[in-house]
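> Just the structure for this:
(2 chains)
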Amino acid sequence: MRALARGLLIPAAAVVCWEMASRGGVLPAGTFSRPTEVVAAGISAFADGSLLVATAQTLQAAFVGLCIAIVLGVPVGMIIGISAGMRLTVAPTLDALRPIPPVALIPLSLLIFGFGVSMEAAVVGFACVWSVTIATNAAVRSMQGRLAEVARALELSRSAYMRKIVLPAALARIAVGVRVAVGIALVVAVTVEIVVNPRGLGYGMIIAQQSLRPDLMYAQLLWIGFVGWSINWGLLKLDRAFLSRFSGVRVGS
Amino acid sequence: MKRVIPALILPLGLLAAWQYASAIGLLSPAYFPAPLRTFEALYDSIVAGSLWGPFAATALRMFEGWFVASLLGVFLGALVGSSRTAREFLQPTLEFLRPFPASAVIPAAILIFGLSNSMAVWVIAFGSVWPVLLGTLHGFSAIEPRLKEVSLALEMPPSAYLRKIALPNALPDIFTGVRISLAIALILAVVVEMQSAQPGLGQNILLAQRMYRSPELYAGIVVLGLFGFVASWVLDRAERRLLVWKSKR
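A predicted model of the protein is given here:
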């Protein structure tokens, strides 16, 4: 209880000071709108549905990008995890591509796809694919050994080995990589919208700032933080349920 | 040598296929210019010197933001990691601020600081402070209990405890955080340039796209990728050199 009170002290004091300072005219109203105005702007944006539409657009692009990352990242991670030859040929190329800042691809993606969900999803996919690939690769490499011997004893074909043994055993650790990617996906989607793409929450913020509606802009900023926070919270819950269910089949740890 | 040849097969093969496909007109030069044209554009900008100005601007902005983030992260992390009172007061606020995407802070930062370089530096610092902060926090809160007892037995004052035990113990974690921060700082430097028309590589590639100069666009991406690679390689080396004692133990 005391910890809660102490934890709330700084944010509460900041909000109260902010409100009082802008009522007293110390803070310029065009820059810092009052917390009460921000809340009002947030409620009205909720009521007319614009906030929810923008949220759906952002989440859609983040989701499509994440799917691209999983569809590309899991097979590539598995292949370079299993075959040493493929690792020698493919991994250096991946290592060379990975340091490219994903946002540097925004203009390229815009050039190729034009405005819309596909250019955004492509950038999100590029940003997310690395954590999925790396997690899959590490998961597959850590579980060879006795399970590989079992597969050899059963004379499983390569595809059956992948499908029946590697994938289920690696699933829990792939899920960890996907969880990291989810956090990246939302951030990158908002970034693409802020920089160029005229849709979603990021664009809404830019428009609010440029049309001198700081109250609406702060409301959207808080909402973006809240969406990110709740997705993270949900994933943590899911992760715990998922990992405890699969802890019996986890191999190599 | 045995590792280098297979490593080069795929990229060289892809580039050759790309070059051939654009030579026979399979790929549109407006979207996928031939690799040789990209290298030509890169070479031209190096020879003409037009690359260095934007490059230096981006690098400087990135380092400034990263430097502020590192100082702030180590300071806050050490504070929250070593004092219970500070943790109770600060941690909820920090947990509240952390999920905000740094790029979403840009419009607010523009309102507050204007379209200036200090705005860019603050946005970069805000976004890249978290890995350092969390690393430092972890390093400071995961100190071997026996070391704490030693410091008590030696009657070390708190400042000596911080300098001689806590900080060296936290250094590997701090370094990990600092390395991740650098990658984020580069990303944010590019975003800020694109969003707020600050001169630099980020603005350059956006302008190249608007003028449909795709070879320059690709050349800019290559430069940014190389820069990110070199920066993280340098930090990796520095870490190995500074933390020799850690790996020998």
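> all contacts plus neighbour counts: C-alpha atoms, from now on.
Will do.
> avg pLDDT for stretch B:179-199?
Throughout stretch B:179-199, pLDDT has a mean value of 91.
> the helices in the stretch 1-150 of chain A, which residues?
A:2-23, A:35-47, A:50-82, A:84-97, A:106-113, A:117-142, A:146-153 (DSSP state H, counting those that start in this stretch).
> wait, I meant chain B
Ranges of helices in chain B, per DSSP state H, are B:4-23, B:35-48, B:52-82, B:84-97, B:102-113, B:117-141, B:145-153, B:158-161, B:167-196, B:201-210, B:214-242, B:244-248.
> Residue A:34 is in contact with residue A:18, correct?
Yes - if you go by CA atoms under 8 Å, residue A:18 and residue A:34 touch, sitting 6.9 Å apart.
> Neighbour count for the two, which is higher?
residue A:34 (22 against 18; other CA atoms under 10 Å in any protein chain shown).
> so how many other residues sit close to the closest residue to chain A within chain B?
Nearest residue of chain B to chain A: residue B:225, at 3.9 Å (CA to the nearest CA). As a burial measure, residue B:225 scores 20 neighbours (other CA under 10 Å).
> I figured it hits residue A:99, correct?
Yes - with contact defined as CA under 8 Å, residue B:225 counts as touching residue A:99 (5.3 Å).
> shared neighbours of those two, anything?
Contact with both residue B:225 and residue A:99 is made by no residue, according to CA atoms under 8 Å, 6 or more residues apart in numbering or on different chains.
> wait, does the helix or strand containing residue A:222 make contact with chain B?
Per DSSP states H and E, residue A:222 falls inside helix A:214-246. Yes - using CA under 8 Å from any CA of the partner chain, helix A:214-246 reaches chain B at A:214, A:217, A:218, A:221, A:222, A:224, A:225, A:226, A:228, A:229.
> swap in stretch A:122-133?
No - using CA under 8 Å from any CA, stretch A:122-133 stays clear of chain B, coming no nearer than 10.9 Å.
> circling back: report the buried members of the residues of helix A:214-246 next to chain B.
A:214, A:217, A:218, A:221, A:222, A:224, A:225, A:228, A:229 (16 or more other CA atoms under 10 Å in any protein chain shown).
> Quick check: the third one touching residue B:108?
Yes - Residue A:218 sits in contact with residue B:108 when judged by CA under 8 Å, with a separation of 7.3 Å.
> What about the chain, which residue is the most distant from its middle?
No chain in the question, so chain A it is. residue A:153 (41.0 Å; CA atoms, centre = their mean).
> sorry, should have said chain B
Outermost residue of chain B (CA atoms, centre = their mean): residue B:153, 41.3 Å.
> Any figure for the gap between that residue and residue A:4?
As judged by CA to CA, to the nearest Å, residue B:153 and residue A:4 stand 34 Å apart.
> what does residue B:64 give?
Distance from residue B:64 to residue A:4, by CA to CA: 35 Å.
> more neighbours, these two?
Between residue B:64 and residue A:4, counting by other CA under 10 Å, residue B:64 is the more crowded of the two (20 against 11).
> what sits against that one?
Going by CA under 8 Å, 6+ apart, the list of residues near residue B:64 reads residue B:121.
> so what's it scoring on pLDDT?
95.
> same question, residue B:246
67.
> ok so, going back, mean pLDDT lowest for which of the helices of chain B?
Among these, helix B:244-248 scores lowest, with a mean of 64.
> hang on, isn't residue B:46 packed against residue B:52?
Yes - using CA under 8 Å, residue B:46 makes contact with residue B:52 at a distance of 7.4 Å.
> what about those two, which has more around it?
Under the criterion of other CA under 10 Å, the comparison of residue B:46 against residue B:52 puts residue B:52 first, with 15 against 12.
> List the residues that contact the residue of the stretch 101-250 of chain A found nearest chain B.
Proximity of the stretch 101-250 of chain A to chain B (CA to the nearest CA) peaks at residue A:225, 4.6 Å away. Residue A:225 sits next to B:97, B:99, B:100, B:101 when contact means CA under 8 Å, 6+ apart.
> Apply 6 Å and report the result again.
B:99, B:100 (CA atoms under 6 Å, 6 or more residues apart in numbering or on different chains).
> any idea how far it lies from residue B:213?
Looking at residue A:225 against residue B:213, where the rule is CA to CA, the gap reads 37 Å.
> What of residue A:127?
Distance, residue A:127 to residue B:213, using CA to CA: 24 Å.
> Then residue B:121?
From residue B:121 to residue B:213 the distance is 29 Å (CA to CA).
> between these two, who's got more neighbours?
residue B:121 (24 against 17).
> what residues does the stretch 101-250 of chain A put near chain B?
Within the stretch 101-250 of chain A, the positions adjacent to chain B are A:101, A:104, A:107, A:187, A:191, A:195, A:225, A:228, A:229 by CA under 6 Å from any CA of the partner chain.
> closest to residue A:43 among those?
Residue A:43 lies nearest to residue A:225 out of those, by CA to CA, at 16.0 Å.
> what does chain B put close to chain A?
So chain B meets chain A at B:6-7, B:88-89, B:92, B:99-101, B:103, B:111, B:187, B:195, B:206, B:209, B:221, B:225, B:228-229 (CA under 6 Å from any CA).
> which of those count as buried?
B:6-7, B:88-89, B:92, B:99-101, B:103, B:111, B:187, B:195, B:206, B:209, B:221, B:225, B:228-229.
> Kindly present the buried ones among the residues of helix A:214-246 next to chain B as TSV, with separate columns for pLDDT and distance to residue A:183.
Compiled in TSV, those are given as follows (pLDDT from 0 to 100; distance: CA to CA, whole Å):
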residue	pLDDT	distance to residue A:183
A:214	87	26
A:217	91	22
A:218	91	21
A:221	91	16
A:222	91	17
A:224	91	12
A:225	89	12
A:228	87	7
A:229	86	9
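> Just list the residues touching residue A:33, thanks.
residue A:215 are the contacts of residue A:33 under CA under 6 Å, 6+ apart.
> and the residue of chain A nearest chain B?
Counting by CA to the nearest CA, chain A gets nearest chain B through residue A:100, at 3.9 Å.
> I'd assumed residue B:226 was in contact with that residue.
No - Residue A:100 is beyond contact range of residue B:226, at 7.5 Å (criterion: CA atoms under 6 Å).
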